[in-house]
Every structure is written in structure tokens, then in C-alpha cells.
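Visitor: Show me how the following folds:
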Amino acid sequence: KIKMAARGGAMALRQAAMLRATAGMQVRSIQTTVPALSAGTAADTSGTSHWKLERVLTVGLIPLCISPFVIGGGYTTDMLLAVAIPVHNHMGMDVVLSDYVKPDSLMNASKALNWVVGGGTIGGLMYFNHNDVGICKGLAQLWAL
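Guide: Modelled structure (predicted):
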């Protein structure tokens, strides 16, 4: 019991010392404001519209990727996949580049490369869909090997 009282007393002394040390400090409040522009405008810098679009696209990809197995793939499904998957990848890489590429000169080049790769991927997949068997049948043939 004596050891417990000593521990409790030491803790009380530490707490009192901390209170005395922080007594002279000023406490500043942080105020946040709602962005002046509504979400979804071209000048929206908060990222909420980008985040919402990513989530809608991601949720939309789930049934789009399952539909060839349920109803069979077709030209419409192939074209939707040819656009949705590269756009999804482009948006994801855009966030990665924004988070991890720090010098502005590299940022501009990286984002330009992301646009070129995304546009090239969409064009290549559309070409494959129009002039060959399409994404769904192409994957089925690949899995049949």
C-alpha cells in the first residue's frame, strides 16, 4: 500500500509540474472555412469532386467486369471497358504522382506522360475492340491457352 501511495504521489507531482509548465503557453485555435466554390467546379481545389468521381467509377467497374461472365461480352461491354479501365488507372496514377512527385518540373512531365499513356491505352483498346476480337473474347482466348 505504501508503494502504491508513493506511485500515486509521484504521478500527481508530474501532473502538477506539467500544468505549471503549460500555464504560460498560449493556445491557438485552428479555424477552417468551407471552400468558396462548390464541389465539382473547375476551380475545386479540395479534391472532393475528384474523390467522388473515383468512387463512382470504381463502383461502376464492379458490375462492368462481372457482366461478361453473366451475360456474355459484346461490343458495348468491350468499349465501356476500353474507356473505364484506363480512366480508372489514369486517375489512380494522378493521385500517386500528386502525392509522391515533389519537384514541379518532374510533376508536369509525369502528368503529361500519364495523359499520353492513358490516351494511348484507350486508343489501343478501342482499336483492338474494333479490328480484332475485343477485350472479353481476347481474355477468354488467353485463359483458354
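
Visitor: where does the protein have its least confident helix or strand?
Guide: None of the helices or strands of the chain scores lower by mean pLDDT, DSSP states H and E than helix 2-22, at a mean of 58.

Visitor: What number of residues are in the vicinity of Gly118?
Guide: By the criterion of other CB atoms under 10 Å, Gly118 has 18 neighbours. Just so you know, the C-beta spots here come from the backbone N, C-alpha and C atoms, and that holds for glycine as well.

Visitor: Pull out the buried positions in the helix or strand containing it.
Guide: Element membership of Gly118 [criterion: DSSP states H and E] is helix 104-131. Within helix 104-131, the residues that count as buried by 16 or more other CB atoms under 10 Å are Ser110, Lys111, Asn114, Gly118, Thr121, Ile122, Leu125, Met126, Asn129.

Visitor: rewinding a little: can you give me the mean pLDDT across whichever helix or strand comes after the least confident helix or strand of the chain?
Guide: Counting by DSSP H and E, the next helix or strand C-terminal to helix 2-22 is helix 48-70. Average pLDDT, helix 48-70: 88.

Visitor: my guess is Ala82 contacts Met126, does it?
Guide: Yes. Under the criterion of CB atoms under 8 Å, Ala82 makes contact with Met126 at 5.1 Å.

Visitor: For Leu81, see how far away Ile122 is.
Guide: 11 Å (CB to CB, to the nearest Å).

Visitor: cool, and His88?
Guide: For His88, the distance to Leu81 equals 10 Å [CB to CB].

Visitor: In terms of neighbours, single out the busier of these two.
Guide: Taking other CB under 10 Å, His88 and Leu81 do not tie; Leu81 has more neighbours (22 against 16).

Visitor: Would you confirm that the more buried one contacts Phe128?
Guide: No. Between Leu81 and Phe128 there is no contact under CB under 8 Å: 10.6 Å.

Visitor: who touches both of those two?
Guide: Ile135 (CB atoms under 8 Å, 6 or more residues apart in numbering).
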